[in-house]
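Peer 1: coordinates only, sequence not included:
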């Protein structure tokens, strides 16, 4: 069928030789009104589909990565610390995906899974979901552009009942960005990178109290010296820096809408005598620099109003909105309780979890369980379940924390290892409860379960995040194997008997399940709506042959490795100045050396910094370019009482390229670039070709409307803030 015919069919519903349908259970305008083309299910019938996505799950924190011969050849014994019996059982009767790859942190992987694209074609950034660039109504938001079709929309068109629970982190700006807007008939979720496990609170909206002055400075001062020489906050599209205002109150109000602004200065400047408002990243070593004593500065945020992040859409057809009554309420100071696993002074909401005193992942489990319980097995089901576990803050019900007391004597201060393993065990128990129900309902034999982590385990912040990727190098936030080679498997009764209990060495990515699920469900994976908006097409490969037992060879032979914008010597990389100068990892729990800095203001920067190429018998080759942080290894029981390091102080300087042959060197210990100049040149040429297609829209600064509607219409909850 020609492109013109496809467009006509999409826009007008012309059947031509194929059947084009709208997603069942949604209004005509869902996904822009674009129709989907049905195909024949690859397995002859449509299986139930379930995707379980753990957060920040370390390689060595998985039970099937204990009591085994690890990458590099060393035997890693079993340990009582790692207790994942239900996941282990699923691996044993499924396919262990030994070469499954993800992005190095959260939102890009989640955007990739929902959209079927490599993150550098959809979202390589971990921006706060409250950003918006209103001049670009399609791509001017955090995470997935509006006009990309979600996997749930595809499956709804194929007749599936769809449900999502847990962490979303794939956009919030408009109703098109929510799980329901992406094709889930029902959902319960949070939008940000993390929230509190007891209260569901994350972030807050500033109480703007301008500290003065009532009149501008009389003294003129140069730009770079006000507030002790602190750096200016990079200008936003809507305001220059400095901005010109008449009053200090206006200056302070502007600071309150810019997340990178921590102080401001207002006065008569050397810029033509105008009254200028300088937004500053810090207050610098002195508070006033050479400003006169009358020229005050101040943090605009005298305090924050906490905002709850919990959103719901019921199957009953109710309007989606804040999940009032499901979150716990906590009294002042409860969220900073130092007791490990404590929920002191927090009380479950009336419709919340009452088994574990309002623990958020228990709430998600309950909703998943109820969805499966109420589902008619005769209808095809798609369940996307993304527990908060094991992302910070490390919090768990005390009964699970106490099960791992054997760790206490060797743990680091703060009990991060004990908390982490207890949380993993909690999630494993929840998985066991739901899989048992699926078997009781007779759905197991027609079920495909895909399990993945969204990135490698975080080893940063001196081990406070609790994870371990032993024996792999590095972890979350970088592109060593410990950061992007993830725990993953496929299981369920729909798998061909010949592939059960096998280990698969072919390349698989988290975004390949988009095309695979479409093939199994009987719907064309092509994103027609994105094509009409000139957005990048999907990068997803169909692995249904693996599930059906017709092939053990991966269709994927290459994997471009993405990054937030980083300095690069690729000649076709964009100028660094073309990228927005903003924090690319919007998580206040990280700071200093553990977060990638904004790109330099000069030179060239790329969002495609590496490449893996599978040449079969000739090798599995990996090229990394530029600086790569966390060039180090952990031990089998990391973190522990002897842990004392800042992981980003260990930097691999790869420059034009570090080259590793992963089959013989899975620990990336031997850079063989010097011995293989032709291969390096060939892979760099491929990398440049991928760079030519990189997608980097301007997503905008923090939009004050997010707080305005959160504190107004939503009653203290986060949600979409740009309409229509």
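Peer 2: In hand now; what should we look at? In this text, all values refer to a predicted model and were calculated from it rather than measured experimentally.
Peer 1: just checking, residue 61 touches residue 424?
Peer 2: Yes. Under the criterion of C-beta atoms under 8 Å, residue 61 makes contact with residue 424 at 5.7 Å. All C-beta atoms are positioned from the backbone trio N, CA, C, and that covers glycine.
Peer 1: Between these two, which contacts overlap?
Peer 2: Counting by C-beta atoms under 8 Å, 6 or more residues apart in numbering, the contacts common to residue 61 and residue 424 are 82, 390.
Peer 1: any chance you could map the helices in this structure?
Peer 2: According to DSSP state H, the chain carries its helices in the segments 3-12, 85-92, 106-115, 151-157, 248-256, 360-374, 398-402, 416-440, 481-484, 512-521, 528-532, 544-548, 677-691, 704-711.
Peer 1: who does the third one touch, helix- and strand-wise?
Peer 2: The elements that helix 106-115 packs onto, with contact taken as 3 or more C-beta pairs under 8 Å, 6 or more residues apart in numbering; DSSP states H and E, are strand 48-54, helix 151-157, helix 512-521.
Peer 1: To residue 639, which of those lies closest?
Peer 2: Distance to residue 639, taken as C-beta to C-beta, is lowest for strand 48-54 among these, at 18.9 Å.
Peer 1: Mean confidence (pLDDT) on that closest one, please.
Peer 2: Average pLDDT, strand 48-54: 98.
Peer 1: What lies in contact with it?
Peer 2: Strand 48-54 is contacted from outside by 110, 113, 155, 160, 166-167, 377, 380-387, 389-390, 427, 431, 438, 443, 446-454, 487, 492, 494, 513, 517, 520-521, using C-beta under 8 Å, 6+ apart.
Peer 1: how many degrees apart are that strand and helix 85-92 in direction?
Peer 2: 120 degrees (axes from the mean of the first three to the mean of the last three C-alpha atoms, to 10 degrees).
Peer 1: Any buried residues in strand 48-54, and which?
Peer 2: Within strand 48-54, the residues that qualify as buried are 48, 49, 50, 51, 52, 53, 54, counting by 16 or more other C-beta atoms under 10 Å.
Peer 1: how far out from the middle of the chain is it?
Peer 2: Averaging C-alpha positions (C-alpha atoms, centre = their mean, to the nearest Å) puts strand 48-54 16 Å from its chain's average.
Peer 1: Determine which of the helices of the chain approaches residue 124 most closely.
Peer 2: Residue 124 sits nearest to helix 106-115 of all these, at 5.4 Å, using C-beta to C-beta.
Peer 1: what's the model's confidence in the closest one, averaged?
Peer 2: The pLDDT scores in helix 106-115 average 97.
Peer 1: Give the buried residues for it.
Peer 2: 106, 107, 108, 109, 110, 111, 112, 113, 114, 115.
Peer 1: tell me which of these is nearest to residue 604?
Peer 2: Nearest to residue 604 among those: residue 108, at 21.1 Å, using C-beta to C-beta.
Peer 1: Contact partners for the closest one?
Peer 2: By C-beta under 8 Å, 6+ apart, the residues touching residue 108 are 119, 122, 123, 124, 125, 126, 562.
Peer 1: Setting aside sequence neighbours, what's the nearest residue to the first one?
Peer 2: Closest residue to residue 119 in three dimensions, ignoring its sequence neighbours and counting by C-beta to C-beta, 6 or more residues apart in numbering: residue 108, at 3.6 Å.
Peer 1: roughly how far apart are the one you found and residue 691?
Peer 2: 17 Å (C-beta to C-beta, to the nearest Å).
Peer 1: One more: residue 109?
Peer 2: 20 Å.
Peer 1: Kindly report the same for residue 607.
Peer 2: Using C-beta to C-beta, one gets 8 Å for the distance from residue 607 to residue 691.
Peer 1: and these two? which has more neighbours close in?
Peer 2: Per other C-beta atoms under 10 Å, whichever of residue 607 and residue 691 has more neighbours is residue 607, with 26 against 21.
Peer 1: now the more buried one: how far from residue 655?
Peer 2: According to C-beta to C-beta, residue 607 and residue 655 sit 18 Å apart.
Peer 1: Strands of the stretch 451-600 of the chain, start to end?
Peer 2: Listed in chain order, the strands of the stretch 451-600 of the chain (DSSP state E, counting those that start in this stretch) span 488-491, 502-504, 508-509, 558-568.
Peer 1: Ok, which of the ones you listed comes nearest residue 38?
Peer 2: Residue 38 lies closest to strand 488-491 among the strands of the stretch 451-600 of the chain, at 24.0 Å (C-beta to C-beta).
Peer 1: Pairing partners for that closest one, with directions?
Peer 2: Strand pairing for strand 488-491, determined by DSSP bridges: strand 95-97 (antiparallel), strand 447-453 (antiparallel).
Peer 1: right, and these - which one's nearest residue 548?
Peer 2: Comparing those against residue 548 with C-beta to C-beta, the closest turns out to be strand 447-453 (10.1 Å).
Peer 1: Return the helix or strand in the protein with minimum mean pLDDT.
Peer 2: Sorting the helices and strands of the chain by mean pLDDT, DSSP states H and E puts helix 3-12 at the bottom, at a mean of 42.
Peer 1: Number of residues surrounding residue 98?
Peer 2: Neighbours around residue 98, by other C-beta under 10 Å: 16.
Peer 1: now the one 5 residues further on
Peer 2: For residue 103, the number of neighbouring residues by other C-beta under 10 Å comes to 32.
Peer 1: now swap in residue 378 and tell me
Peer 2: By the measure other C-beta under 10 Å, the count of residues near residue 378 is 5.
Peer 1: From residue 720, how far out is residue 129?
Peer 2: Residue 129 is 10 Å from residue 720, by C-beta to C-beta.
Peer 1: do residue 563 as well
Peer 2: On the measure of C-beta to C-beta, residue 563 and residue 720 end up 29 Å apart.
Peer 1: Tell me which of these two has more neighbours.
Peer 2: A direct count of neighbours by other C-beta under 10 Å for residue 563 and residue 720 places residue 563 higher, at 27 against 24.
Peer 1: And the pLDDT at the more buried one?
Peer 2: On the pLDDT scale, residue 563 is placed at 95.
Peer 1: contacting residues around it?
Peer 2: By C-beta under 8 Å, 6+ apart, the contact set of residue 563 is 104, 120, 124, 479, 596, 606, 607, 608, 609, 610.
Peer 1: 6 Å instead?
Peer 2: Listed by C-beta atoms under 6 Å, 6 or more residues apart in numbering, the contact set of residue 563 reads 607, 609.
Peer 1: Against residue 102, how distant is the residue nearest to residue 119?
Peer 2: Counting by C-beta to C-beta, the gap from residue 108 to residue 102 is 9 Å.
Peer 1: Residue 499 now?
Peer 2: Remark: distance between residue 499 and residue 102 (C-beta to C-beta) = 22 Å.
Peer 1: Quick check on the two: which one has the bigger neighbour count.
Peer 2: Between residue 499 and residue 102, counting by other C-beta under 10 Å, residue 102 is the more crowded of the two (28 against 19).
Peer 1: so what's that one up against?
Peer 2: Neighbouring residues of residue 102 by C-beta under 6 Å, 6+ apart: 109, 454, 455, 484, 486, 510.
Peer 1: Next up, phi/psi of the second one, please.
Peer 2: With angles defined as degrees, to the nearest 10, residue 454 sits at phi -90, psi -20.
Peer 1: Please tell me I have it right and it contacts residue 106.
Peer 2: Yes. Using C-beta atoms under 6 Å, residue 454 is in contact with residue 106, at 5.3 Å.
Peer 1: dump the residue contacts of residue 615.
Peer 2: Going by C-beta under 6 Å, 6+ apart, the list of residues near residue 615 is empty.
Peer 1: And it, what's its pLDDT?
Peer 2: Here, the pLDDT recorded for residue 615 equals 97.
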